[in-house]
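Chemist: Just to be clear, the model below is a prediction. Sequence and coordinates:
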Amino acid sequence: MKEKEVEDGLKNLIKALRQYADSAPMKVSEMHNHFLDSNPKLYNEIELQKLEYFLKSYLYKFYLANMHLEQLWSLASKHTKENNLFGILKNIFDEHSSIDDNVIL
């Protein structure tokens, strides 16, 4: 497969992922805000700033993990179709061979 086709495929995958991957971070942010609004005296200003920072950091990493996982599943399904799934699983659990690049992928 040409590099351009791979790049285009991954870009299309990210576009498709964005359609549903945005919902979880939005829900977590809303829950975060609701909790803080319901408990206004629980944290001081510095703690609130830290909470906001770590929430954004977590949501960003969560989003990237979702994208990477989808990309890995896409690659895995392609290689599973080209190779025997039983052979791939046998290699994972029993053989531990690193000779066949397609099986490793």
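Modeler: Received, thanks. Computed from a prediction, not measured in an experiment: that's the story for all the values here.
Chemist: What is the subsequent helix or strand relative to the longest helix belonging to the chain?
Modeler: As assigned by DSSP state H, the longest helix anywhere in the chain is helix 45-82. Where DSSP states H and E defines the elements, the next helix or strand beyond helix 45-82 is helix 85-90.
Chemist: Export that next one to PDB, keeping only CA atoms.
Modeler: Extracted as PDB, the C-alpha positions of helix 85-90 are listed here (Å, rounded to 0.1, in the frame of the first residue of the first chain):
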ATOM      1  CA  LEU A  85      -6.800 -15.500  13.000                       C
ATOM      2  CA  PHE A  86      -6.000 -18.900  14.500                       C
ATOM      3  CA  GLY A  87      -2.400 -18.600  13.400                       C
ATOM      4  CA  ILE A  88      -2.200 -15.100  14.900                       C
ATOM      5  CA  LEU A  89      -3.600 -16.200  18.200                       C
ATOM      6  CA  LYS A  90      -1.400 -19.300  18.200                       C
END
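Chemist: What's the mean pLDDT across that helix?
Modeler: The pLDDT scores in helix 85-90 average 76.
Chemist: So which bits of that helix are buried?
Modeler: residue 88 (16 or more other C-beta atoms under 10 Å). C-betas here are computed from N, CA, C, even on glycine.
Chemist: Where in the protein is the helix or strand with the lowest mean pLDDT?
Modeler: Lowest mean confidence among the helices and strands of the chain (mean pLDDT, DSSP states H and E): helix 101-104, at a mean of 70.
Chemist: where does this structure have low pLDDT?
Modeler: Within the chain, the segments meeting pLDDT under 70 span 1, 77-83, 102-103, 105.
Chemist: Spatially, what comes nearest to the residue most central in space within the chain if we skip its sequence neighbours?
Modeler: By C-alpha atoms, centre = their mean, the chain has its centre lying nearest to residue 66, at 1.7 Å. Spatially, and ignoring its direct neighbours in sequence, residue 66 is nearest to residue 21 (4.7 Å; C-beta to C-beta, 6 or more residues apart in numbering).
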